[in-house]
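Enquirer: Whatever this is, show me its structure:
(one chain, ligands or ions: 2)
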Amino acid sequence: MDEQFLDLLAEKYDTEEKVITEIINLEAISNLPKGTEHFVSDLHGEFHAFQHVLRNGSGNVKEKIKDLFREVWTDNEINDFAVLVYYPEEKIQLVKADLCNKQALNRWYRQTIEQMLKLISYASSKYTRSKLRKALPEQFVYIVEELLYKTDLTNNKDSYYEEIYQQIISLGQADKLIIGLAYTTQSLVVDHLHVVGDIYDRGPDPDKIMDTLINYPSVDIQWGNHDVLWIGAYAGSLVCLANIIRICARYDNLDIVEDVYGINLRPLLNLAEKYYDNNPAFRPKLQADHNASEQEILQITKIHQAIALIQFKLEIPIIKRRPYFNMSERLLLEQIDYDKNEVKIGGKTYPLENTCFATVNPQQPEQLLEEEQQVMEKLLFSVQHSEKLARHMNFLMKKGSLYLKYNGNLLIHGCIPLDEEGNMQEMQINDKTYSGRQLLDVFEDYLRYAFAHPEETDDLATDMVWYIWTGECSSLFGKREMTTFERYFIQDKETHKERKNPYYHLRENEEICRKILLEFDLNPDHGHVINGHTPVKEIHGENPVKANGKMVVIDGGFSKAYQSTTGIAGYTLLYNSFGMQLVAHKKFNSKEDVLCNGTDVLSVKRLVDKELERKLVRETNVGGELLQKISNLKNLLEYRYMK
Ligand SMILES: O=P(O)(O)OC[C@H]1O[C@](O)(COP(=O)(O)O)[C@@H](O)[C@@H]1O
Ligand SMILES: [Mn+2]
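Expert: Numbering: from 1, shown residues only. Ligands and ions are numbered 1, 2, ... in the order given. Down below sits the predicted model:
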């Protein structure tokens, strides 16, 4: 082993005792049961529903409460306590309003603190003391440890412990302590979070989700196509930028762009007011509780058209300069007969409706008006100078990747592009052909390059980010085409269909999933492919667990806009030392509903896979790192101290 490396290591472990203590410590940790992984996907800006799933650990919190108190508590008591763990601040206020005098409240405090400690002790039983310490509310660590680790079998210290409880209450610290312990419990039931893509678009609060993730102790992200669109905009792709604004307009979410990220929409609005009018195809999809006035709706409708047309124009030169994107069928502005108001697609002619082509020059439809050009330049400047967006995009890059191999599983938002025979679909980029894992690695390299060079706006890397959003070989899109134009302007629903990659029917087949796992050097006997992206239509009997358990699809639709097609409000997945369980969530109404009615979103659990033997830390990704560290320390021991 490299002596220089060992010398460096010796600076930290400068006595034999220190080396030995660390080896013992790491060996012990690697023999603990593996921590619980929590998988979520397709959050689509639904911050409150996401918060709820995080706070209840996909049902894990309640499960632990039941394990402990099932024999002695009613269902109502269990629910009440669970709600206290999820939303401690609000629940304490409700309890206070309910209890009529101070004595009753103090009794409640006394018993609640003790119950919380029991729960924490149980939820932390597979972790080291040091890990638990880190999860405890900082200002109470000493007191809580004292109460958690009481070992006095002779009862000599009973009054000492009782005094601690009473002092906490009389010094007015009970609220703070209970709140802190509730958050400790939430963080103990899940060890690591995977977000399998699509944080952005459609719902109102992706920024709040990003802030939550930034503060989450242990998380990784597999980018979704919508996340890549935002990364692309920040990286200098004008067409990605037009797309994100179009989608925000469509879902009445322009506040995210304007108020949250501070991007000035005034120039775009001026342009929109000048060239566009009301148009039924471009009226925003409004949330049930919206309070937009007709005048505001009209403004959004105009912005929506202005930016959609800019998007369609911007696509043309990219499609032309990248023939291997194989997207010439999407040059639709060139296929329009502007006099007859018709378009030709796939040899067929369709009448157009709700058209708004005032800014289009039929001879050169790709040409932006000078005003449009200026609007886009200003928008891009604004986007690239938004501090908040920079923080969120940098985090997406740091914690994110196109796919992830983690504890034997393959996590990917969309698909592995395949041909009808189940071979890895090939894509030619410049003069080279790529497929499977190699293709995904190339995509990721381009995306990272584009992000690192935001000043380049028309290079291949930047175009490639847009391709990942919408190209047929993209592992995040997985469809032959995106029919945005047809959905706005053509009535015939046949044209709206987006043909899915063969992956989406082939993934039902176990052999295919095994082949994919092998492509990524994963063990097909133990691994699973975990996908988001396509809403699982439970109401039509679709099964999220496919290919004899090798494939799990967890997009059940956090996105409110899609809940009527899925019939539920999303799936999440838990993977603990005993195996994998899928959780189906019922629709989340509001935090207030949970607090007032004590009803949790009912979550139905289903076993996906059961480990024959309990899985230990040493068998995980993190365990691999620990074992490497142990081996380094053993080398150090020999090199430095055992001569
Ligand atoms: O539901 P909308 O807003 O019309 O969006 C539809 C578009 O979204 C997409 O489904 C992509 O978004 P998802 O990744 O959420 O599926 C496109 O394939 C489709 O054209
Ligand atoms: Mn998606």
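
Enquirer: now for the helix or strand encompassing Asn635, which elements pack on it?
Expert: Per DSSP states H and E, Asn635 falls inside helix 621-636. Where contact means 3 or more Cβ pairs under 8 Å, 6 or more residues apart in numbering; DSSP states H and E, helix 621-636 is packed against helix 3-12, helix 16-30. C-beta: built from backbone N, CA, C; applies to glycine.

Enquirer: Just want the residue of the stretch 51-200 of the chain that's nearest ligand 2.
Expert: The nearest approach of the stretch 51-200 of the chain to ligand 2 comes at Asp198, 4.5 Å away (Cβ to the ion).

Enquirer: isn't that residue right up against Gly45?
Expert: No. Asp198 is beyond contact range of Gly45, at 9.3 Å (criterion: Cβ atoms under 8 Å).

Enquirer: so who does the spatially closest residue to the residue of the stretch 51-200 of the chain closest to ligand 2 that is not a sequence neighbour touch?
Expert: Once flanking residues are discounted, Asp198 sits nearest to Gly224: 3.2 Å by Cβ to Cβ, 6 or more residues apart in numbering. Each residue near Gly224 by Cβ atoms under 8 Å, 6 or more residues apart in numbering is listed here: Ser41, Asp42, Val196, Gly197, Asp198, Ile199, Tyr200, His413, Gly414, Leu476, Gly532, His533.

Enquirer: repeat for Glu77
Expert: For Glu77, the contact set (Cβ under 8 Å, 6+ apart) comprises Phe69.

Enquirer: Phi and psi next, for the residue nearest the centre of the chain.
Expert: In the chain, the residue lying closest to the centroid (Cα atoms, centre = their mean) is Val195, at 3.3 Å. Note on Val195: backbone dihedrals following degrees, to the nearest 10 are phi -110, psi 110.

Enquirer: so where does Ser130 fall, helix or strand?
Expert: Taking DSSP H and E as the criterion, Ser130 maps to helix 129-135.

Enquirer: my bad, Leu574
Expert: strand 571-576.

Enquirer: Just the buried positions in that strand, please.
Expert: By neighbour count with 16 or more other Cβ atoms under 10 Å, strand 571-576 contains the buried residues Tyr571, Thr572, Leu573, Leu574, Tyr575, Asn576.

Enquirer: what's near enough to touch Leu573?
Expert: Residues near Leu573 by Cβ under 8 Å, 6+ apart: His38, Phe39, Ser58, Ile530, Val552, Ile554, Met580, Gln581, Leu582, Val583, Val608.

Enquirer: Among the residues you listed, which one has the most neighbours?
Expert: Ser58 (28 neighbours; other Cβ atoms under 10 Å).

Enquirer: coming back round to it: just the CA trace of the strand holding Leu574, in PDB.
Expert: The C-alpha trace of strand 571-576 is given here as PDB (Å, rounded to 0.1, in the frame of the first residue of the first chain):
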ATOM      1  CA  TYR A 571     -46.500   4.800  -4.200                       C
ATOM      2  CA  THR A 572     -43.400   4.800  -2.100                       C
ATOM      3  CA  LEU A 573     -41.000   2.000  -1.400                       C
ATOM      4  CA  LEU A 574     -39.300   1.000   1.800                       C
ATOM      5  CA  TYR A 575     -36.200  -1.300   1.900                       C
ATOM      6  CA  ASN A 576     -35.200  -2.300   5.400                       C
END
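
Enquirer: I'd like the next helix or strand past it.
Expert: Taking DSSP H and E, what comes next after strand 571-576 is strand 579-585.

Enquirer: Contacts for that following strand, please.
Expert: Residues from elsewhere that reach strand 579-585 (Cβ under 8 Å, 6+ apart): 49, 53, 58-59, 528, 538, 544-545, 552, 554, 556, 568-575, 601-611.

Enquirer: Just the ones of those residues in helices?
Expert: Counting by DSSP state H, the contacts of strand 579-585 place Ala49, Val53 in helices.

Enquirer: List buried residues within the contacts of strand 579-585.
Expert: 49, 53, 58-59, 528, 538, 544-545, 552, 554, 556, 568-575, 601, 603, 608-609, 611.

Enquirer: Most proximal residue of the stretch 451-600 of the chain with respect to ligand 1?
Expert: Met482 (4.6 Å; Cβ to the nearest ligand atom).

Enquirer: Leaving out sequence neighbours, find the closest residue to that residue.
Expert: Computed as Cβ to Cβ, 6+ apart, the closest residue to Met482 that is not its neighbour in sequence is Thr470, at 4.7 Å.

Enquirer: Pull the number of nearby residues for that neighbour.
Expert: Using other Cβ under 10 Å, Thr470 has 23 neighbouring residues.

Enquirer: Likewise for Glu258?
Expert: Under the neighbour criterion other Cβ under 10 Å, Glu258 is assigned a count of 16.

Enquirer: Ok, Asp445 next?
Expert: 13.

Enquirer: do the same with Lys560
Expert: Neighbours of Lys560 under the rule other Cβ under 10 Å: 21.

Enquirer: and the next element down the chain from the host helix or strand of Gln166?
Expert: Element membership of Gln166, judged by DSSP H and E, is helix 158-170. Following helix 158-170 in sequence order, the next helix or strand is helix 174-189 (DSSP H and E).

Enquirer: Which positions within that following helix qualify as buried?
Expert: 174, 177-182, 184-189.

Enquirer: Next, the angle strand 571-576 makes with it.
Expert: 80 degrees (axes from the mean of the first three to the mean of the last three Cα atoms, to 10 degrees).

Enquirer: distance of the closest residue to Gly346 other than its chain neighbours from ligand 2?
Expert: Excluding the flanking residues, the one nearest Gly346 by Cβ to Cβ, 6+ apart is Glu329, at 7.1 Å. Separation of Glu329 from ligand 2 (Cβ to the ion, to the nearest Å): 22 Å.

Enquirer: Tell me which residues touch Glu329, please.
Expert: If a contact means Cβ under 8 Å, 6+ apart, then Glu329 has Ile345, Gly346, Glu481 as its contacts.

Enquirer: Next step: the residues you listed restricted to strands.
Expert: Residues of the contacts of Glu329 located in strands (DSSP state E): Ile345.

Enquirer: just the buried members of the contacts of Glu329?
Expert: Buried among those by 16+ other Cβ under 10 Å: Ile345, Glu481.

Enquirer: lowest average confidence, helix or strand, in this structure?
Expert: helix 563-566 (a mean of 67; mean pLDDT, DSSP states H and E).

Enquirer: Poorly predicted segments of the protein, please.
Expert: Within the chain, the segments meeting pLDDT under 70 span 1, 151-153, 556, 564-568, 599-604, 643.

Enquirer: near ligand 1, which residues of the stretch 501-643 of the chain?
Expert: Within the stretch 501-643 of the chain, the positions lying close to ligand 1 (Cβ under 6 Å from any ligand atom) are His533.

Enquirer: now the strands for the stretch 501-643 of the chain?
Expert: Along the stretch 501-643 of the chain, counting by DSSP state E, counting those that start in this stretch, strands occupy 529-531, 545-546, 551-553, 571-576, 579-585, 603-610.

Enquirer: Parallel or antiparallel, which strands does the fourth one pair with?
Expert: Strand 571-576 sits in its sheet next to strand 37-40 (antiparallel), strand 579-585 (antiparallel), going by DSSP bridges.

Enquirer: Could you list the alpha-carbon positions for the longest one in CSV?
Expert: Just to be clear, that refers to strand 579-585. Extracted C-alpha coordinates of strand 579-585, given in CSV (Å, rounded to 0.1, in the frame of the first residue of the first chain):
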residue,chain,number,x,y,z
GLY,A,579,-36.8,-6.8,2.7
MET,A,580,-38.7,-4.5,0.4
GLN,A,581,-42.2,-3.2,0.9
LEU,A,582,-44.3,-1.1,-1.4
VAL,A,583,-46.7,1.4,0.1
ALA,A,584,-49.7,2.7,-1.8
HIS,A,585,-50.9,6.1,-0.5
